[in-house]
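In: Using only what follows, build the 3D model:
(2 chains)
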There are 2 protein chains.
Amino acid sequence: MQRSRDDGIGLDELAQAARNHGMPLEALTADLTPAGMHYLLIHYDVPFPRAEDWSLSFEGFDRPMRLSLDDLRSRPRVSAPVTLECAGNGRAMFDERPVSQPWLLEAVGNAEWAGTPLAPLLHEAGVPESTVDVSFRGLDQGIEIDEEQAPYERGLPIDEALRDDVIVAFEMNGRPLPPQHGAPARLVVPGWYGMAHVKWLDRIAALAEPFDGYQNTVSYRMRTDPDEAGEPLGRIRVRSLMAPPGVPTFPERERMVAAGPLTMQGRAWSGSAPIERVEFSADGATTWTDAVVDPAPAPHAWHRWAVDWVAEPGVHELACRATDAAGATQPMEPEPNLGGYANNAVQRVRVTVR
Amino acid sequence: MQRSRDDGIGLDELAQAARNHGMPLEALTADLTPAGMHYLLIHYDVPFPRAEDWSLSFEGFDRPMRLSLDDLRSRPRVSAPVTLECAGNGRAMFDERPVSQPWLLEAVGNAEWAGTPLAPLLHEAGVPESTVDVSFRGLDQGIEIDEEQAPYERGLPIDEALRDDVIVAFEMNGRPLPPQHGAPARLVVPGWYGMAHVKWLDRIAALAEPFDGYQNTVSYRMRTDPDEAGEPLGRIRVRSLMAPPGVPTFPERERMVAAGPLTMQGRAWSGSAPIERVEFSADGATTWTDAVVDPAPAPHAWHRWAVDWVAEPGVHELACRATDAAGATQPMEPEPNLGGYANNAVQRVRVTVR
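Out: Below is the predicted model:
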C-alpha cells in the first residue's frame, strides 16, 4: 500500500516508528555512535535467546557444524568501525512511499563491531564447489504479506560472504551485543545496507541455487513496477549528513542559530568507495563550498567533514552533497521506487539565524 | 495545535518519533530494560559534555558548592530498579492530541539506576529555611512556544527533593550513563513521570518561591481549557501493559497466535502505591480474570504479572487492567486533556488465533 506525503503518517507506520528509532543527528558529531543512539530497524519482535543455550549451525556444507558463543569467541578476533544504514532511510521523504518504517534521515550509525571473520568459519565447514549463495537466518520470526510465519532470512552471494571483512559479530563498542542489536551474535557485511547484517544469527546455509526467500526475492529490490523483478539492494549509496546547527524548537524541531562564524560538521559514507568530496551550501543548493574531508578510520566507516560558515541573520537552507571515489554523487532529488529504498538525495536543513 | 485521530501523524510529529523511541513491548518480558530499549524523550538535542570538564553547581543554598563527577562518586552509593514512564505515554491514542511526541504505549522502561542520594547533598549545601522548591537544570537547550532559548529546567517541591530515595544517578544497569540518558549525571525521582528526572544535570537551585519556569507553569499540567492553570503532573498513574503474544505481521504489527494454552505476561506499576491487582480479559474487556502479581523488587519498580490463557481459534481482543493499593484502577477510556498527558486507559491488543 502506497501513501503520499499529503496523507500524513498512519498509525500503522507510527507503530513502527515508536519502536524502531533513528540516530539523533546531533550524534553525527561523535566518531562512534553509542549503542542506544544507533539506528535500529527490527522487522518482528526482539528475541531474547539465552547465550548459554544458543548455538550457530552451519548447514549444506561439506562438514556441517554447530558453534557455541564460546567457540566463536575462541576464534581469531577482529574489530572495526563500520557505518550501517537502513535501505529504507529517507523513505518518508519520497512523494509516494509504501507503508513500512517511515524514516526521515536518521537511519544510520557508526559503531565498532568485533567478532570473528566469517570466511574461515565457512572454510572450516567446507564450502561445496556448487555454492552460489550463503543464507543467514535469524531467530526473529514474523509474517510478511502473503507469506507464512518464518524467521528473518537473507541470502548473500558466495563471493561477498567470503570477503575477509565480513564478520560474525558478538560485540558492539567494546561490550557484548545488546539484545536489540542481535545478541548473542549477528552478521556484519561492511558496505552493505542494514538488511544484510542479520541479527540473532541462528543458521548459516550453503546453497547451490540462488536464495529464494522473501527478503531477497520480494523485499529489498529496486522496482518502479510491481511486476518487474527489480535489482536487489546491496551496497550503501553515497551520502552525507550534517549535524544541524544551533538549537531546536520544541516540538517542531526547527533550527535557530546565533549569527556569527561557526563550523558546520557532519559525516559522509559510501558502500562502494572512499569519499572524495563533500560540498556545503548555505543558499538552498545553489552555490557550493568544498568541505574538508578527513580520511575514514576504516574502509567502511564514515568520514568526518567540516566547513566554516558565517551565519548572517535571516532564513537559510543548508545542504550537503558527497561524491565518492567511484564517481557517484548524491542526487538533488530521490529516485522514486516502490519500496521507498536508497533515498540518498541531498539533506536540506532550514535554519533561522538571528 | 491539536490534531485528531483522523488527521494522521504529521511530519513534525514524525521528526520527534524518529529520534525518540519507546520500549518495544516484548521487552516487558525482561525484569530490567536494556539501555537501548528503554524509552527516551529528549526535548532538544543530546548534549555531549566531557565528564572531566563537567560539574554540578548548587546555588541559592547556605553554602553554594560545585561537585565534580568524582566528588559524586566518592559519596555513598545507592542503587535501585525504578520504572520511568513519560507523562505523554499514550498521547497518540487520544481522539484529540497536541503536536508533540506521538507516543502509543511504549514510553516506559525499568532500569537499575545507581548514584548518590540527593538529600545529603542538599543538606551539605545547607537548605535555607525559606526554601519551597528546588530547581534542576540540564545542559540541553531549546526554544518552546513563545519562549526564549533556555536550558531544560524543572522544579520539585522541597519535600519531594528531600525524599531519601531521590538520587543523582551516574549509572544505568551497572554502566556509566549513556549520553542519551543524561551522562554524566541525572536526577531520578522514583514514582514520578519522566519530566522530573532531569538529564545532563548542570545546576540545582534552592528557591524561596515556587519555580516559575516553562516546564512547570506551562507544560506538564492537566488542563482542559487553555486559560486554566491546571494541576501539575507528578506521580505516575496506575498502569499495566502486556507483552503481545504470538508473532507480528510486517509492517502492520498485527498479532498472530497459535491456538492452545499459553501464559500471558506483563508488568504493572503506579507511582503512588504497590500494585494490588491485575486483571486480564480475552473478550474485549467484558469479563476479567485475576492474574498472579509478583511483589515488586523495589518500591518504584514494576511488578511482573502472569495469567494462563487458552487461545481458541478466532479474533480476540485482549486487555489488562491494574489496581493499586491506594485504590486507583485504570480507566476504560482516557481522560481528555490538552497536553495529551497521563493516558493510563487499559491496553487492548487484537490477536488472530489460528
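In: Quick one: name the residues of the stretch 251-354 of chain A near chain B.
Out: Taking Cβ under 8 Å from any Cβ of the partner chain as the criterion, the stretch 251-354 of chain A approaches chain B at residues A:251, A:252, A:253, A:256. Where C-beta positions appear, they are placed from N, C-alpha and C, glycine not excepted.
In: Let me know the helix or strand that the second one is in.
Out: This points to residue A:252. When elements are assigned from DSSP states H and E, residue A:252 belongs to no helix and no strand.
In: Confirm for me that it is in contact with residue B:12.
Out: Yes. Using Cβ atoms under 8 Å, residue A:252 is in contact with residue B:12, at 5.2 Å.
In: Need the pLDDT of residue A:330.
Out: Here, the pLDDT recorded for residue A:330 equals 98.
In: Contacts only, for it.
Out: Going by Cβ atoms under 8 Å, 6 or more residues apart in numbering or on different chains, residue A:330 touches A:237, A:238, A:239, A:240, A:321, A:322, A:323, A:344, A:345, A:346.
In: at 6 Å what do you get?
Out: A:238, A:321, A:322, A:344, A:346 (Cβ atoms under 6 Å, 6 or more residues apart in numbering or on different chains).
In: Give me the subset of those residues lying in strands.
Out: Taking DSSP state E as the definition of strands, the contacts of residue A:330 contribute A:321, A:322.
In: and which of the contacts of residue A:330 is nearest to residue A:158?
Out: residue A:238 (26.3 Å; Cβ to Cβ).
In: Without its sequence neighbours, what residue ends up closest to the closest one?
Out: Leaving aside its sequence neighbours, residue A:238 sits nearest to residue A:270 (Cβ to Cβ, 6 or more residues apart in numbering or on different chains; 3.9 Å).
In: Neighbours of that neighbour, how many?
Out: 28 (other Cβ atoms under 10 Å in any protein chain shown).
In: any idea how far residue A:3 is from chain B?
Out: 9 Å (Cβ to the nearest Cβ, to the nearest Å).
In: SS state for that residue?
Out: strand (DSSP: H, G, I helix; E, B strand; the rest coil).
In: Now do the contacts for it.
Out: Here residue A:3 is in contact with residue A:97 (Cβ under 6 Å, 6+ apart).
In: Any idea what it is bridged to?
Out: Taking DSSP bridges as the rule, residue A:3 bridges to residue A:97.
In: Check what pLDDT it gets.
Out: 91.
In: Relative to residue A:246, how far out is it?
Out: 32 Å (Cβ to Cβ, to the nearest Å).
In: want to throw the contacts of residue A:330 into CSV with distance to residue B:69?
Out: Formatted as CSV, those follow (distance: Cβ to Cβ, whole Å):
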residue, distance to residue B:69
A:238, 40
A:321, 40
A:322, 38
A:344, 40
A:346, 40
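In: Tell me the most packed of the contacts of residue A:330, by neighbour count.
Out: residue A:322 (28 neighbours).
In: Check which helices and strands the helix or strand where residue A:241 lies sits against.
Out: Using DSSP H and E, the element containing residue A:241 is strand A:239-242. Contacts defined by 3 or more Cβ pairs under 6 Å, 6 or more residues apart in numbering or on different chains; DSSP states H and E place strand A:239-242 against strand A:260-269, strand A:314-324.
In: Direction included, what does the helix or strand following that strand pair up with?
Out: Scanning forward in sequence from strand A:239-242 by DSSP H and E, the next helix or strand is strand A:247-250. Sheet pairing of strand A:247-250 (DSSP bridges) gives strand A:255-257 (antiparallel), strand B:133-144 (parallel).
In: Provide a list of residues in contact with the most centrally placed residue in chain A.
Out: Nearest to the geometric centre of chain A sits residue A:85, at 1.6 Å (Cα atoms, centre = their mean). With contact set as Cβ under 6 Å, 6+ apart, residue A:85 has these partners: A:108, A:236.
In: and it, backbone torsions?
Out: Note on residue A:85: backbone dihedrals following degrees, to the nearest 10 are phi -140, psi 140.
In: swap in residue A:91?
Out: phi -60, psi -40.
In: Would you agree it is in contact with residue A:97?
Out: Yes. Counting by Cβ atoms under 6 Å, residue A:91 touches residue A:97, with 5.1 Å between them.
In: between these two, what contacts are shared?
Out: What both residue A:91 and residue A:97 touch, as defined by Cβ under 6 Å, 6+ apart, is the set residue A:340.
In: The two: who's more crowded?
Out: residue A:97 (27 against 23).
In: List the residues that contact residue A:95.
Out: Contacts of residue A:95 (Cβ under 6 Å, 6+ apart): residue A:5.
In: show me the contacts for residue A:255.
Out: A:244, A:246, A:351.
In: and the nearest residue to it once chain neighbours are set aside, what are its bridge partners?
Out: Nearest residue to residue A:255, sequence neighbours excluded (Cβ to Cβ, 6+ apart): residue A:351, at 4.4 Å. Residue A:351 has the following beta-bridge partners by DSSP bridges: residue A:255, residue A:316.
In: Could you do residue A:21 as well?
Out: Beta-bridge partners of residue A:21, as defined by DSSP bridges: residue A:40.
In: between the one helix or strand residue A:13 maps to and helix B:11-19, how many degrees?
Out: In the assignment (DSSP H and E), residue A:13 maps to helix A:11-19. Inter-element angle recorded for helix A:11-19 and helix B:11-19: 40 degrees (by axes from the mean of the first three to the mean of the last three Cα atoms, to 10 degrees).
In: If I look at the residue in the stretch 1-150 of chain A positioned nearest to chain B, what pLDDT would I see?
Out: Closest contact between the stretch 1-150 of chain A and chain B, by Cβ to the nearest Cβ, is at residue A:8 (2.4 Å). Residue A:8 is assigned 87 on the pLDDT scale.
In: Can you get me a residue count around the nearest residue in space to it that is not next to it in sequence?
Out: If the residues on either side of it in the chain are set aside, residue A:8 comes closest to residue B:8, at 2.4 Å by Cβ to Cβ, 6+ apart. A count of nearby residues for residue B:8, using other Cβ under 10 Å, gives 18.
In: quick one, what contacts residue B:8?
Out: Shown in contact with residue B:8 (Cβ under 6 Å, 6+ apart): A:7, A:8, A:9, A:10.
In: for these, which one is nearest residue B:183?
Out: Distance to residue B:183, by Cβ to Cβ, is smallest for residue A:9 among the contacts of residue B:8, at 31.2 Å.
In: hang on, isn't the closest one packed against residue B:14?
Out: Yes. Contact criterion Cβ under 6 Å: residue A:9 and residue B:14 qualify, at 5.2 Å.
In: more neighbours, these two?
Out: residue A:9 (24 against 21).
In: which residue packs closest to the more buried one, ignoring adjacent ones?
Out: Nearest in space to residue A:9, with sequence neighbours left out and distances taken as Cβ to Cβ, 6+ apart, is residue B:9 at 3.8 Å.
In: Fine, thanks again, bye for now.
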